[in-house]
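K.L.:
I need the structure of the sequence given here:
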Amino acid sequence: MAATLSDDPRSATNPLFNDNKLKLGVFAFNGNGPVMTKIPEQYEPTWRNSLDVAEQADRAGYEAIVPYARWRSFVRPNHRSGNVFDSYTWAGAIAARTDYTAIMSTAHAPVVHPLICAKSGATVDHISGGRFGLNIVCGWFGPEFEMFGGEGILNHEDRYAYADEWITCIKRLWRDEGSFDFTGRFIKMKGAMSQPKPIQQPFPALMNAGGSSSGQHFVVKHCDMAFIPAVSNDDAFIKSQVDAYRKLAWDEYHRPIQVWSLAYAVHRKSAAEASRFVEYYAVEHGDDEYAEDFMREITRNAQVIPPDLQKQMLRNFKAGYSAISLLGNGEEITDRLIRLSRCGLDGVVLVWLDFQEGVRQFNGQVLPLLEQAGLRAPYRPANAA
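P.N.:
Numbers count the residues shown, from 1 in each chain. Got it, this is the predicted structure:
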């Protein structure tokens, strides 16, 4: 069963639908990022720094740039975790300065009206020339939603019921030429319409990280990419997640789906040296308040984290958002990515303690080896001399 439809019309403009066996992205550098540490040598999320990272990824032929959405900080009002650029305006600006990579936005469905999301997404799609993608978040951080004056976060099942109505409306706004009325349990619209339509049809690329049963059903019904939570580095566990998603998508909707996950990379001369550095920044100097607050919210709402993994995940959150670890030199990191590809992953979004240094190290030390391994075709920018 193929990961994507080979004749998907969006492949003409959006590299998320290309033929590379292992696709690459960069995640969460529109803010302080997912590393929870207090050391000073971490990434500083200025506009110039984030543009630099995006341009490095674009010139190297990455498939995806994925910002995250954050409306407030953890721990306290002035905590660095709240220092995050808006994902739509940031994506539009990045799209204007890049040529190849898909530029995504992340939207919290309960607080972004479908009309706003549809028009904003179509605008970025036009700025980028048909490279927009949407990462859908159904809600998990209660204090954020309370700021918007409603009743707070919905219960788990209602979150996905709401998201189903929400993305159904957005798809119609992107596709329907006329106006329409919509009356659902949560959303009501009269004479709804949105112009311009996206360049990509029937709609831009969609991603969601649903892990529960209802979340997985939402993904396989509506999305092109399933983003699986990296709660274990075990290959057999990762493969079981991938296989389960593919089977569900095919059995329920007879459609293929890409499966992606998150990885944090630490480039050193050896995996042992990289592990020692992780111990330094994540354990000896980890931001424990941040990690504990974050973990408290995650475990309060999520249904997919086994209890015996929670202690390990607390450390891993500080190391890199509880992602899959890529540790060591170029050969060691490449070998791990080859194994992840064999597990069935179609793509990996990357994070680093210092995105600017990390993306350059990855491009120099790992990308050529991935090409040699046959996981990626060599990329040459169209405007290269």
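
K.L.:
Tell me, what's the model's pLDDT at residue 12?
P.N.:
On pLDDT, residue 12 comes in at 96.

K.L.:
With residue 98 instead?
P.N.:
98.

K.L.:
how far away is the closest residue to it other than its chain neighbours from residue 93?
P.N.:
The shortest distance from residue 98 to any non-neighbouring residue, by Cβ to Cβ, 6 or more residues apart in numbering, is to residue 58 (4.0 Å). (Glycine included, C-beta is placed from N, CA and C.) For residue 58, the distance to residue 93 (Cβ to Cβ, to the nearest Å) stands at 13 Å.

K.L.:
out of those two, which sits in the more crowded spot?
P.N.:
residue 58 (21 against 18; other Cβ atoms under 10 Å).

K.L.:
Show me what counts as buried in the helix or strand containing the more buried one.
P.N.:
Using DSSP states H and E, residue 58 sits within helix 47-59. For helix 47-59, burial by neighbour count (16 or more other Cβ atoms under 10 Å) applies to 50, 51, 52, 53, 54, 55, 56, 57, 58, 59.

K.L.:
for the third one, what are its contacts?
P.N.:
Okay, so that is residue 52. Neighbour list for residue 52: residue 356 [criterion: Cβ atoms under 8 Å, 6 or more residues apart in numbering].

K.L.:
From residue 189, how far out is it?
P.N.:
40 Å.

K.L.:
So what touches whichever helix or strand comes after the helix holding residue 58?
P.N.:
Downstream of helix 47-59, the first helix or strand assigned by DSSP H and E is strand 64-66. Residues outside strand 64-66 that contact it (Cβ under 8 Å, 6+ apart): 15-16, 23-28, 54, 57-58, 91, 94, 98, 101-104, 106, 133, 135, 207, 347, 349.

K.L.:
and if you look at stretch 287-294?
P.N.:
Stretch 287-294 has contacts (Cβ under 8 Å, 6+ apart) with 36, 37, 38, 74, 75, 79, 81, 314, 317, 318.

K.L.:
quick one: that stretch to chain centroid distance?
P.N.:
21 Å (Cα atoms, centre = their mean, to the nearest Å).

K.L.:
how about it: buried residues?
P.N.:
Quick answer for stretch 287-294 (16+ other Cβ under 10 Å): 287, 290, 291, 293, 294.

K.L.:
mind exporting that stretch as CSV, just the C-alpha atoms?
P.N.:
Listed next in CSV are the C-alpha coordinates belonging to stretch 287-294 (Å, rounded to 0.1, in the frame of the first residue of the first chain):
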residue,chain,number,x,y,z
ASP,A,287,13.8,23.4,33.3
ASP,A,288,11.9,21.1,35.8
GLU,A,289,9.1,23.5,36.4
TYR,A,290,8.4,23.8,32.7
ALA,A,291,8.5,20.0,32.1
GLU,A,292,6.4,19.2,35.1
ASP,A,293,3.7,21.8,34.2
PHE,A,294,3.7,20.6,30.6
